[in-house]
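>>> Please work out how this folds:
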Amino acid sequence: MKTVKIIGVPEHFNLPWHLAIEEGAFEDRGIRLEWTNIPEGTGKMCQLLNDGETDLAIILTEGLVKSISQGNPSKIVQEYISSPLLWGIHVANSSERTSISELEKDKVAVSRIGSGSHLMAYVNAQNQGWDTDMLEFDIIDNLDGAVKNLSEGSNAYFMWEHFTTKPLVDKGIFKRLGDCPTPWPCFVIAATNAFLKTNGQLLKHILEVINTYTIEFKQIPSIDRTLANRYNQQLEDIQDWLSKTTWGQNQIDVKILNEVQNRLLSLQLINEVKNSKEFLYSKV
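Down below sits the predicted model:
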């Protein structure tokens, strides 16, 4: 039995992995897949990949592209979620602000530098026509940190996945002012170069298993109820999320990769657009 370490956020996107692990689908292939939840998100996962503390990660596309561009010895193995991520833009429920345009000069609460919440704050600011050089950040570590930060009167705003924060909006903890979708497929499967060097066949088995699960995922009987129960979501919210979400089973397109790089370059978050071979794992 070969042990492989994998990390991801504790969110509904990753249920196919948990089902496959629970049903022994990887063990049937001689693989012990050790999953670790990383509530801090993509910035922390990039660090763990960079330090060789995991083999694989289910990670936000823009965060990984930025990290690889800056020297992270990892590759994109394939798309995982091929639809955009819907980033909700939140303030404290007690805030008098009612529109995104009122946030221009406010601080942004982000899990860490290089995280999706950090990078998407730049994308949103650029979309709004704001001066991105003026952005300032409060580092809040994770979703619980954001609740504390906003509730204690920081006056910051906070961007996080729309459906993950929906219960906090429903409870009157956050007020959502709008959404900012990613302009690209949102999650990819990443692997360290060290893992890829000697485990190509092992990776092939892992991808075969997870791709089988994601192809069939929406057809699982009562999967909406399972998701709602496991992730403390309202059934109608999960049904809405499922209708908007598509799982991918192929390598990310070079054109899309270059779109991500060009957007990050325009935001001065990377220094240059690099060859796709720097980012994409090739089975050949």
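
>>> residue ranges of the strands in the stretch 51-200 of the chain, please?
Taking DSSP state E, counting those that start in this stretch as the criterion, the stretch 51-200 of the chain contains strands spanning 56-60, 74-81, 86-92, 108-110, 137-139, 157-161, 174-181, 187-192.

>>> residues in contact with I100?
With contacts defined as Cβ atoms under 8 Å, 6 or more residues apart in numbering, I100 is in contact with I89, N124, Q128, L177, G178. (Glycine included, C-beta is placed from N, CA and C.)

>>> give me that answer again for 7 Å
Contacts were defined as Cβ atoms under 7 Å, 6 or more residues apart in numbering; by that measure I100 touches I89, Q128, L177, G178.

>>> From these, pick the one nearest V77.
Closest approach between these and V77, by Cβ to Cβ: I89, at 30.7 Å.

>>> Tell me if I'm right that that closest one and Y157 touch.
Yes - I89 sits in contact with Y157 when judged by Cβ atoms under 7 Å, with a separation of 6.1 Å.

>>> Determine the residues that are contacts of both of these two.
Here I89 and Y157 share no contacting residue, scored by Cβ under 7 Å, 6+ apart.

>>> Burial check on I173, number of neighbours?
Residues within reach of I173, counting by other Cβ atoms under 10 Å, total 17.

>>> Likewise for V123?
Each residue near V123 was counted by other Cβ under 10 Å, and the total is 23.

>>> That one and L264, how far apart?
Computed as Cβ to Cβ, to the nearest Å, the V123 to L264 distance reads 9 Å.

>>> before we move on, the earlier item: among the contacts of I100, name the buried ones.
Taking 16 or more other Cβ atoms under 10 Å as the criterion, what is buried in these is I89, L177.

>>> of all the contacts of I100, which two lie farthest apart?
Q128 and L177 (11.5 Å).

>>> quick one: pLDDT of the residue positioned nearest the centre of the chain?
Computing the C-alpha centroid of the chain and ranking residues by Cα atoms, centre = their mean puts L60 first, at 3.5 Å. The pLDDT attached to L60 in the predicted structure is 96.

>>> any idea how far E104 is from it?
24 Å.

>>> Repeat that for V65.
27 Å.

>>> who has more neighbours, those two?
Here V65 and E104 are set side by side on neighbour count (other Cβ under 10 Å), and the busier one is V65, at 28 against 13.

>>> got a list of what the residue lying closest to that one once chain neighbours are set aside touches?
Leaving aside its chain neighbours, V65 sits nearest to V260 (4.9 Å; criterion: Cβ to Cβ, 6 or more residues apart in numbering). Listed by Cβ under 7 Å, 6+ apart, the contact set of V260 reads T61, E62, V65, W184.
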